[in-house]
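>>> I would like to see how this sequence folds:
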Amino acid sequence: MEEKTTTTKVVAPVERVVFALNGERQEVAAADVEPSTTLLEFIRTRTPFRGPKLGCGEGIR
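Below you'll find the predicted structure:
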């Protein structure tokens with residue numbers, strides 16, 4: 001019987017998330033956003049953009 005080896009890697013927490021939205025740089029402190037917040041939720045609630053819609057929602061959460 002083979003033994004399985006499990007490796008755990010510790011990584012530093014993310015301090016900020018940076019992305020481009022309509023060509024504009026968006027920078028958000030990770031502490032200001034709940035870990036379960038989706039990009040869609042963030043865009044619709046924290047920016048002036050309300051147009052993005054959820055496609056099918058399959059596989060979310």
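
>>> how much space between A30 and T7?
Per C-beta to C-beta, to the nearest Å, A30 is found 25 Å from T7. Using the backbone N, CA and C atoms, a C-beta is placed for each residue, glycine as well.

>>> more neighbours, these two?
Shown here are A30 and T7; by other C-beta atoms under 10 Å, A30 has more neighbours (12 against 4).

>>> is it true that the more buried one touches T37?
No: if you go by C-beta atoms under 8 Å, A30 and T37 don't touch, sitting 10.4 Å apart.

>>> buried set for the helix or strand E27 falls within?
Secondary structure assignment for E27, by DSSP states H and E: strand 24-29. Buried residues in strand 24-29, counting neighbours by 16 or more other C-beta atoms under 10 Å, are absent.

>>> Tell me if I am right that V14 is in a strand.
No: looking at V14 with DSSP: H, G, I helix; E, B strand; the rest coil, it is coil, so not inside a strand.

>>> Phi first, then psi, for it.
V14 adopts backbone torsions of phi -70, psi 130, taken as degrees, to the nearest 10.

>>> Skip the chain neighbours and tell me the closest residue to it.
Nearest residue to V14 in three dimensions, chain neighbours excluded: A30, at 4.8 Å (C-beta to C-beta, 6 or more residues apart in numbering).

>>> For burial, what's the neighbour tally of L54?
10.

>>> Return the distance of the nearest residue to it once chain neighbours are set aside relative to A12.
Computed as C-beta to C-beta, 6+ apart, the closest residue to L54 that is not its neighbour in sequence is L40, at 5.9 Å. Applying C-beta to C-beta, the value for L40 to A12 is 27 Å.

>>> The two: which is more packed in?
Higher neighbour count among L40 and A12: L40, with 14 against 5, using other C-beta under 10 Å.
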